Every structure is written in C-alpha cells, then in structure tokens.
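J.: A structural model of the following input is requested.
(2 chains)
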Amino acid sequence: MQTEAAHDLHLSGNGSAMGGIYRMVHLEGLSTIDGDLVCEQCVAHGVVRVHGNLRTETAAFHGKADVFGDVAAGSADIHGSMHISGLCHVQKTLRMHGSSRLQNGVHAEVIHIHGRTHVGAGCVAREIEVRGVAQLTKDVRAERIDCNGVLRLGGLCEAEEFLCRGQLHSSGLINAEKIYIRLHAKSGVQEIGCTDLRIERGHGFFARRHKLVVDMIEGDHIYVENVVAKRIRGNRITVGHGVYVERVEYREEFKRQHGARVGEIVQL
Amino acid sequence: MEQELISKKELLDLTGISYGQLYRWKRKDLIPEGWFIRKSTFTGQETFFPREKILSRIEQIKQLKDDLSLDELARRFSPDPAEIALCGEDMVKRSIVSEQAWRVYRLEHPNTKVCSFRDVVFASVVHRALASGNVGLDEARNALRTLEQSITMFSDFRMRIACVRKLGVSVWVVQSADGQFVIDPDAKLVFDADVSECIEDVKLRLL
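T.: Below is the predicted model:
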C-alpha cells in the first residue's frame, strides 16, 4: 500500500471526511467518510458510516459501523454492530463480537463469530468458529467448522471437520469427512454425506425431545441418537436411543440399541 | 441431450468405493457438482450420475490416487488452464495431436514453434475433428480460426464447438457448454466436441 507519505486522519465528535489514502485513521463519535478509504490502520469508536470501499491493514471497530462497499483487510476486529454491503475479504482473522451482517459474502483465513452474524452470500474460510448464532444463507466451504450455539445453513456446506453443539438447521447437504453433532435443541438437516458421523443427544431433563430430523444420511461409519430419518445408508451403522428410521441400508454391520425404532433393514 | 444415468447405489456397487470416498472426491472437486443429478423415485429423492462420465472418472481417480495427492488430482481434472508450453514434436510424441493436425495448425500459424496451453487445446480440438473422419482439412482450419476468434466470449474454455453442413457448405458453431441449439432438419451435424473435455484429455496425456 502506498501509505508511506500519507497523513493521519483524526475525526472526533461529529465529523466527516472525504476518502483517500491515509496512514492511520482514528474515528471517534459520529463519523462519515465519503469515498473509498485506504489506510494502514483504521480504529473506530462510535457510529461510523463509510460510503465507499474500505481497504486497510488492520481494522478495529467499536460501536456501530456501516460500510456501503467492499472491505479488504489484513485482519479485522469488530465489537458491536457491523453492516457491510459488499464483499468482506480478510487475509488473516476476522473476529466479530456482537451482531454483524455481511451482505455479499466473506472470505477469510479464520472467522470467529461471537454473537450473532448473518452472511448473505458465500462463505469461504479455513476455520469458522461460532459461539452464538450464525446464519450462513449460501454455500459454506471450510476446513473446520466448530459451532457452539445455533447454526443455520442455507446452502451446501463442505468441511473436513464439522462440529456442532447446540442447534443445527440446514436446507442443503452437509458434506464433511468427520461430523460430530450434540443436540441441545430441535434441529433439522436435509442431507448428510460423510465418512464418520456421530450424533449424540445432550444432557438434561428435556434431552429426549431434542430430535434431529433428516431426510438422508450417507456415510461409512454412522452412530446416531435422537435422529428421525427417512434413510440411513452406510457401511457400519449403529442406531441408538430415540432414533426412528424408515429404512436402513448397510453393507457390513448394523447395530440397534434399546429404544431405537427401525422400519426396514436391508443388507446390500 | 439424453444420456444414460446410473444411480448412486449402483455406482458404489460397480466401482467398490464407499460413500465416504465419493463425498470426499466431491468435496475436492474431483467430481463436478453438475454431475450430481437429483431425481425423485418411489423411494424418495435419489442421486444419479451420467453413467459413462462418472465411471471413467472414478476409474481414473482410482488409478492415479496412489501417486498423486487429491489436490494435485483436482488440478488435473479441473478445466482451468495449466501453465505449460510445448513444441509441435512434443505434442505429436504425446499423441495430443496427429502429424496431420499439426500440419493444419502450422498452415494457420506458420511461425509458431512453442505452443501455450490455449494453443495446445485448440490444436487438440483440430486433431479430434480430423480424427473423427467427418471433417476435411480446410474445415479443420476454419475450426481453428473460429475457436481463436470466439475464445474471448467464453470464460475458462467452458464451451462446445460443432460443425454443421448443408448442401456441402459447412459452418462452425461455438456455444457455451450447457447451451442447446437446434439445426435445420436437412442439415447434418458433422462434428461436435466439448472443449473442456478436450482439456481433460490433454491434461491426462501430459501426466
């Protein structure tokens, strides 16, 4: 970035500035930037509106921020509420504490979602960590997805490792090497395809009510509890407590534990 | 275009692979998303594949997966261009093009010695057209010209090329990969090739 000769920008109180190339940008209070902003470091407290694209090495937002354009950052920390209308591209870590809306998708090395986040388009990352509520309305690709809380997926989800403790909703396929789900609330998934799958019920008095409703499960090694499924297909299948399956198709091994109801069992 | 389909279950039985492997290969883009065709049957939604394509692809993956990593394989299968440069003799030696096809290519580009990936793909299309036996030398040369002029219209070589002939006059048509066209019933579709398939073929021969 050509920011070596550039000046710093400080805005306090009710301020506005044109975009441009800066070294450090400090925004406090109610700030408005008109135009594209390029800087080395961007720190904002209070209410910020950027009418243009934002490009920075490190970004830290505290309070409320609206960016009506794309965001490209080396790393970004967001505390409070954030709204990005364009694409969000972060080279390293994107941390979001509070509630965020990323309308046009996100690319990052690591995404931490603490709080509530809505992503309106594709989501690509090496690692996605969710503590809270994440709504990813289109396709998701990651090596590892780790969710404690609520995960709502609107499209295809591909990962090497997929962990979810809490609630899971998906209207597409979840395709992962290894899937572990611990159910703490009613969940629903359309389709699961994997190598290893383990779905367990959570603890507590109402644990037996927390079912996962799924159309189809396909995998090599499958262990499920509290699942209501139309089809389960795989090599080695174990159905545990609270399972209701219409049809099981297995190749090598099928185990049914006490309290599981299975309609049809077929060995291929 | 009607093509023969194979169900997922039958595919696993025939090839002896497991669900895990199939999903892993899908994740790594070794099997394109478009080949997963969902259809409702009396047992609910089932997934089908184009029979010929998927069987040959899985055979290739099984053969190569011991020597190459899955990421490397994905790069080989993807229709994205590779970074290579070949001279004519090399292409003939690796049977990407025949002697005859190379001569046609040289007629069009007399000064070319080293070909970039794009040129190699075009030369291989010319070779395919000639090898089909239905396309003449001049027509093949026209195909090359058509391809070179139309390449900027399509992204990443996702296109098809076809030759239609009526009353001895032939016309080359380049269309997007999933596009359809209907021809005059008196005319004859002489040659039809998917450029991304040619790329896969070229990449396999480069191994």
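J.: can you tell me the SS state at the closest residue to chain B within chain A?
T.: Here chain A gets closest to chain B at one residue, A:T195, 3.2 Å apart by C-beta to the nearest C-beta. All C-beta spots, glycine's among them, are computed from the backbone N, C-alpha and C. Look at A:T195: counting by DSSP: H, G, I helix; E, B strand; the rest coil, its state is strand.
J.: tell me how many other residues surround it.
T.: Residue neighbour count, defined by other C-beta atoms under 10 Å in any protein chain shown, stands at 21 for A:T195.
J.: do you know how far the nearest residue to B:D29 once chain neighbours are set aside is from A:G35?
T.: Nearest non-adjacent residue to B:D29, counting by C-beta to C-beta, 6 or more residues apart in numbering or on different chains: B:A74, 5.0 Å away. Distance of B:A74 to A:G35, computed by C-beta to C-beta, to the nearest Å: 41 Å.
J.: packing partners of the host helix or strand of the residue nearest to B:D29?
T.: Assigned by DSSP states H and E, B:A74 falls within helix B:70-77. Counting contacts by 3 or more C-beta pairs under 8 Å, 6 or more residues apart in numbering or on different chains; DSSP states H and E, helix B:70-77 is packed against helix B:51-64, helix B:195-206.
J.: need the winner for burial among those.
T.: Comparing the helices and strands packed on helix B:70-77 by mean neighbour count (mean count of other C-beta atoms under 10 Å in any protein chain shown), helix B:195-206 ranks first with a mean of 18.
J.: give the rounded mean pLDDT of it.
T.: For helix B:195-206, the mean per-residue pLDDT is 78.
J.: quick one: contacts of that helix?
T.: B:60, B:76-77, B:79, B:81-82, B:84, B:94-96, B:120-121, B:124-125, B:128, B:147, B:157-161, B:177 (C-beta atoms under 8 Å, 6 or more residues apart in numbering or on different chains).
J.: drop anything exposed from those residues.
T.: Buried subset of the contacts of helix B:195-206 (neighbour count, 16 or more other C-beta atoms under 10 Å in any protein chain shown): B:60, B:76-77, B:79, B:96, B:120-121, B:124-125, B:128, B:147, B:157, B:159-161, B:177.
J.: out of those, list just those in helices.
T.: B:60, B:76-77, B:120-121, B:124-125, B:128, B:147 (DSSP state H).
J.: excluding chain neighbours, what is closest to B:L68?
T.: Excluding the flanking residues, the one nearest B:L68 by C-beta to C-beta, 6+ apart is B:R76, at 7.5 Å.
J.: residue contacts, that neighbour?
T.: Under the criterion of C-beta under 8 Å, 6+ apart, the neighbours of B:R76 are B:64, B:68, B:203-204, B:207.
J.: sheet partners, orientation included, of the one helix or strand A:A59 maps to?
T.: A:A59 is part of strand A:54-67, with elements assigned from DSSP H and E. Sheet pairing for strand A:54-67, assigned by DSSP bridges, gives strand A:24-51 (parallel), strand A:71-84 (parallel).
J.: mind listing what's buried in it?
T.: For strand A:54-67, using 16+ other C-beta under 10 Å, the buried residues are A:54-57, A:59-67.
J.: same question for stretch A:195-210.
T.: Buried-residue list, stretch A:195-210, by 16+ other C-beta under 10 Å: A:195-201, A:207, A:210.
J.: how about a markdown table for those, with pLDDT and distance to B:L167 added?
T.: Below are the buried residues of stretch A:195-210 laid out as a markdown table (pLDDT from 0 to 100; distance: C-beta to C-beta, whole Å):
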| residue | pLDDT | distance to B:L167 |
| --- | --- | --- |
| A:T195 | 92 | 59 |
| A:D196 | 92 | 63 |
| A:L197 | 93 | 62 |
| A:R198 | 93 | 68 |
| A:I199 | 93 | 66 |
| A:E200 | 91 | 72 |
| A:R201 | 90 | 74 |
| A:A207 | 85 | 77 |
| A:H210 | 91 | 72 |
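J.: which two of the residues you listed have the greatest separation?
T.: The largest separation in the buried residues of stretch A:195-210, counting by C-beta to C-beta, is between A:T195 and A:A207 at 26.8 Å.
J.: can you list the low-confidence ranges for chain B?
T.: B:1-2, B:78-84, B:155-156, B:207 (pLDDT under 70).
J.: about what we covered before: pLDDT added to the buried residues of strand A:54-67, as TSV?
T.: Shown next, in TSV, are the buried residues of strand A:54-67 (pLDDT from 0 to 100):
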residue	pLDDT
A:L54	92
A:R55	92
A:T56	92
A:E57	92
A:A59	92
A:A60	93
A:F61	93
A:H62	94
A:G63	93
A:K64	94
A:A65	92
A:D66	93
A:V67	93
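J.: which ones are touching the residue of chain A closest to chain B?
T.: By C-beta under 8 Å, 6+ apart, the contact set of A:T195 is A:177-178, A:219-221, B:18-20, B:23-24.
J.: cutoff 10 Å now
T.: A:160, A:176-179, A:219-222, A:234-235, B:18-21, B:23-24 (C-beta atoms under 10 Å, 6 or more residues apart in numbering or on different chains).
J.: ok, and the closest non-adjacent residue to it?
T.: B:G20 (3.2 Å).
J.: give the helix, strand or coil label for whichever residue of chain B sits closest to chain A.
T.: Nearest to chain A, among the residues of chain B, is B:G20, at 3.2 Å (C-beta to the nearest C-beta). Each residue gets one of three states, and B:G20 gets helix by three-state DSSP.
J.: quickly note the distance from it to B:F157.
T.: B:G20 is 32 Å from B:F157, by C-beta to C-beta.
J.: likewise A:S12?
T.: On the measure of C-beta to C-beta, A:S12 and B:F157 end up 55 Å apart.
J.: circling back to that earlier point, wait, the residue nearest to A:T195 sits on A:R233?
T.: No: the pair B:G20 / A:R233 is not scored as a contact, 11.6 Å apart, by C-beta atoms under 10 Å.
J.: could you name every residue contacting both of these two?
T.: Listed as contacting both B:G20 and A:R233 by C-beta under 10 Å, 6+ apart are A:193, A:218-219.
J.: which one of the helices and strands packed on helix B:70-77 lies nearest to A:E40?
T.: helix B:195-206 (42.7 Å).
J.: domain boundaries for chain B, per the record?
T.: B:5-77, B:85-206 (automatic domain parsing).
J.: tally of neighbours for B:G20?
T.: Counted with other C-beta under 10 Å, the neighbours of B:G20 add up to 21.
J.: OK, contacts around it?
T.: Here B:G20 is in contact with A:177-178, A:193-197, A:218-221, A:234-235 (criterion: C-beta under 10 Å, 6+ apart).
J.: just give the number of residues close to residue 178.
T.: All of this is about chain A. Applying other C-beta under 10 Å, we find 18 residues neighbouring A:K178.
J.: wait, chain B was what I had in mind.
T.: Based on other C-beta under 10 Å, the number of other residues close to B:D178 is 9.
J.: for it, what are phi and psi?
T.: Taking degrees, to the nearest 10, you get phi -100, psi 10 for the backbone angles of B:D178.
J.: rewinding a little: go ahead and confirm the residue nearest to B:D29 touches B:R57.
T.: No: applying C-beta under 10 Å, one finds B:A74 not in contact with B:R57, separated by 11.8 Å.
J.: quick one: common contacting residues for the two?
T.: B:25, B:30-31.
J.: and the helix or strand harbouring B:R141 with helix B:195-206, angle?
T.: Assigned by DSSP H and E, B:R141 belongs to helix B:137-150. Counting by axes from the mean of the first three to the mean of the last three C-alpha atoms, to 10 degrees, helix B:137-150 lies at 100 degrees to helix B:195-206.
J.: that'll do, ta.
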